[in-house]
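# okay, sequence plus prediction incoming.
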Amino acid sequence: MVRGSQEPLRSATMTPEEFRTAGHALVDWIADQRAAVESRPVRAQVEPGEVRRSFPQAPPETGDQPVGHRGDISHLLSDLDQLVLPGMTHVQHPMNFGWFPANASLASVLGDLASGGLGGLGISWESCPALTEVEEVVCDWMRQLVGLADHWHGTITDTASTGTLTALLVGRERATGLSQNRRGLVGESEPLMVYTTSQAHSSVAKAALLAGFGYEAVREVPVDPTTFAMDTSALADMLAADVESGMAPAAVVASVGTTGVTAIDPIAEIVDAVNDLHETTGIRPWIHVDAALAGSAMLLEDYRHLWAGIDDVDSLCWNPHKWMGTILDTSLLYYRDPRFAQQVLSTNPSYLAAAGSENQATQYRDWGLALGRRFRALKLWFHLRIDGIDTIRERLRADLASTRWLEAEISATPGWEVVAPVPLQTIAVRFTPPDAIERRVDIDAHTRAWIEAINRSGDAFLSPTTLPDGRWVARVSIGAETATRHHVERMWELMQQAAAVPDPNALPPAI
C-alpha cells in the first residue's frame, strides 16, 4: 500500500457469530417445513409468473439488517413462507408419486450444509486434497454397495444428463482415434452413429446432439412390444448394416430403468452384440448405461440381475439423489477404465501446476466437464454415516412391497390395466370406463384429464407418459422417503375417484 494512502472502507459481511444465530433459525424453519409438508398441496398452486411478480423489480441496494444484527433473518424466513412456499411442488411430500423420487434425506442435507460451509474449491487435488480423496472413498463405497467389480472407478457429477454427455464425448473420441487433436468431427470421413431406444431419457438424445453427432446420427433401436426393452437382435442388425453402408457406430446407450415405464434393456445381450461387431469388423462402440433411477435398486442384492453384464460396459451413471435419497445434486459416473477418459478430458493450465502432485493424485477435473467442483462427497458420507445403508435398504424394500400391493389391486379391478412390466417401483396404468364404447370416450384425453384433476387438487401428484404405440398412461412412481403403505392406498383411492368421473375436467380444484 502506498505510504499515506488509506484502505477503502468495506461493508461488514455476516460474521461467524451472526451466521450461528441465523443458521439455528434456518435449521428450525427447515425442520418445521419437513414436519408440516403433508399438510401442504403437493403441486404448486400458482400460475406462471405469479412468484416472480411477488418479488421487487429492483435488486436490494443494502442488506436488510444493520451491521451487527445480520443474524436476525426473521424477515427472510417470513418471505420464504409467503413468497417461495406457494410456488413449491413438494417432492418430499408422501403423496408425491410423480416423475421419479427426488428425495433429500435430512442426513444428506447436513452434508450439503457442511459442504457449503467449508466452501472448498475442487479444481485440483492440491486445491482441496480432502475433497478429492473423500470423493474417491465414497465412490468406492458405493461401488461395493451395488456389487460392481473392483475395476470400476467413479466420480460425482451433478446429474445423469451430464454423465451421459461426458460418456458420449469419450465414446466419440475413441471411435475417431482422438479426432479432437486434429480437425474434430469435420475431418472424419465416416458419419458417427449413436444407438438407443425411444424409451431412453430425453437427455440421451440431447447429449448426442451436444456431442456433435446430429439428429440423423441418433439411431432409434426398436423395443420389445411387451417389455419395452431394447431389441438386441435389431441392434445387431442395425450395427452391421450401418458398417456396411460406410457409417461408424460410435456408442450404444442402454437404459436400466427407462423414465416412462422403467424398462430394463438387456445389458449382457447388448455387450454380446457389440463384441460380435468387434470380432467381425474391428469396430467396438462405447457402451454407456443410464441407470439413474435403478442404480438405487442395486443396493439390494436380489435385484442385481436386472443389470447382468454391467461389468463389461464402458461407463455407467446412476443417481443417489433419486430413490436412495441423497440430496441433489449427487450423481455417480463410473468408468471401467478411466485412463482414456482422462486423455479426452484432461486440462493442465499453468495456473494449476503443482510440483509433485500431478502424477500421484487423482485430478477429477480430467474425469468430467467441470473444472471447479463442490465437496459433493460430504452429502453421501453424511447420509451413509447417519442413516446407514441398512435403513436405506429397508425403506427401498418397503417401497417395493407397496408397489407389489398396488400392482395387484390395479390388476384385480375391472376397467384398470397395468400396461407394462413392473420390475421396480413405477407402475404404468390405464383405465377404460365401462361405457367407453357407447359414449365414444377418447381414452387418451380421459387419462390425461383424470391425472390433471388429481394434480390440480393438491391432494397428490402423478405424471403421464406415452407408450411406444402412442397411448397415454399414468405413471405411479413410489419412493418418496416419507411415503408409507397408507399413502399408496390413499393414492389408489384418488385414482379411482378421479377416473370414475365422466368428465374429470369439470371437477372443481379439489376432489
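Cool, the structure landed. Numbering: from 1, shown residues only.

# all contacts plus neighbour counts: C-alpha atoms, from now on.
Noted.

# now do the strands in the stretch 251-400 of the chain.
Under the criterion DSSP state E, counting those that start in this stretch, the stretch 251-400 of the chain contains strands at 286-290, 315-318, 331-335.

# parallel or antiparallel, list what pairs with the last one.
Applying DSSP bridges to the sheet, strand 331-335 is found paired with strand 153-157 (antiparallel), strand 315-318 (antiparallel).

# ok, Glu452 to Pro86 distance?
19 Å (Cα to Cα, to the nearest Å).

# and for Arg440?
Noted for Arg440: a distance of 39 Å to Pro86, by Cα to Cα.

# give me the domain ranges for the protein.
Listed domain ranges for the chain are 114-387, 390-506 (source: automatic domain parsing).

# CSV for these, including mean pLDDT?
Formatted as CSV, those follow (pLDDT from 0 to 100):
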stretch, mean pLDDT
domain 114-387, 95
domain 390-506, 95
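
# now those as a markdown table including mean neighbour count?
Formatted as a markdown table, the domains of the chain follow (neighbours: other Cα atoms under 10 Å):
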| stretch | mean neighbour count |
| --- | --- |
| domain 114-387 | 19 |
| domain 390-506 | 18 |
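
# Glu47: which of those domains is closest?
Across the domains of the chain, Glu47 has its closest neighbour in domain 390-506 (11.7 Å, Cα to Cα).

# centre of the chain versus the closest one, how much separation?
22 Å (Cα atoms, centre = their mean, to the nearest Å).

# phi, psi of Val194?
When read as degrees, to the nearest 10, the backbone of Val194 gives phi -120, psi 140.

# could you number the chain from 447 rather than 1 from now on?
Sounds good: first residue 447 from here, last item Val640.

# quick check: beta-bridge partners of it?
Judged by DSSP bridges, the bridge partners of Val640 are Val664, Ala697.

# separation between it and Leu655?
Going from Val640 to Leu655 by Cα to Cα gives 10 Å.

# export the helix or strand harbouring Asp474 as CSV, just CAs?
Assigned by DSSP states H and E, Asp474 belongs to helix 462-482. The C-alpha coordinates for helix 462-482 follow below in CSV (Å, rounded to 0.1, in the frame of the first residue of the first chain):
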residue,chain,number,x,y,z
PRO,A,462,-19.5,-16.4,12.2
GLU,A,463,-21.5,-15.5,15.3
GLU,A,464,-24.3,-13.9,13.2
PHE,A,465,-24.2,-17.0,11.0
ARG,A,466,-24.5,-19.2,14.1
THR,A,467,-27.7,-17.3,15.1
ALA,A,468,-29.2,-17.3,11.6
GLY,A,469,-28.2,-20.9,11.0
HIS,A,470,-30.1,-22.1,14.0
ALA,A,471,-33.2,-20.2,12.9
LEU,A,472,-32.9,-21.6,9.3
VAL,A,473,-32.5,-25.2,10.5
ASP,A,474,-35.5,-24.8,12.8
TRP,A,475,-37.5,-23.4,9.8
ILE,A,476,-36.5,-26.3,7.6
ALA,A,477,-37.3,-28.9,10.3
ASP,A,478,-40.7,-27.2,10.7
GLN,A,479,-41.4,-27.4,7.0
ARG,A,480,-40.5,-31.0,6.7
ALA,A,481,-42.7,-31.8,9.7
ALA,A,482,-45.6,-30.0,8.1
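
# contacts for stretch 665-674?
639-645, 675-677, 680-681, 684, 709-710, 866-867, 914 (Cα atoms under 8 Å, 6 or more residues apart in numbering).

# and Lys652, helix, strand or coil?
Look at Lys652: counting by DSSP: H, G, I helix; E, B strand; the rest coil, its state is helix.

# so what's it up against?
With Cα under 8 Å, 6+ apart as the criterion, no residue contacts Lys652.

# go again with 10 Å.
607, 610-611, 660-661, 664 (Cα atoms under 10 Å, 6 or more residues apart in numbering).

# return the member of those nearest to Pro910.
Ser607 (21.1 Å).

# which of the helices or strands spans the closest one?
Assigned by DSSP H and E, Ser607 belongs to helix 606-621.

# what of Arg921?
Using DSSP H and E, Arg921 sits in strand 918-923.

# what sits up against stretch 493-503?
The contact list for stretch 493-503, computed with Cα under 10 Å, 6+ apart, reads 525, 528-534.

# from the contacts of stretch 665-674, which land in strands?
Members of these lying in strands (criterion: DSSP state E): 639-643.

# about what we covered before: the strand holding Arg921 packs against which elements?
For strand 918-923, the elements it packs on are helix 835-857, strand 862-864, strand 872-877, helix 889-903, strand 909-912, helix 931-946, judged by 3 or more Cα pairs under 10 Å, 6 or more residues apart in numbering; DSSP states H and E.

# same list (those) but as CSV, adding distance to Gln503.
Below are the helices and strands packed on strand 918-923 laid out as CSV (distance: least, Cα to Cα, whole Å):
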stretch, distance to Gln503
helix 835-857, 44
strand 862-864, 49
strand 872-877, 42
helix 889-903, 29
strand 909-912, 34
helix 931-946, 40
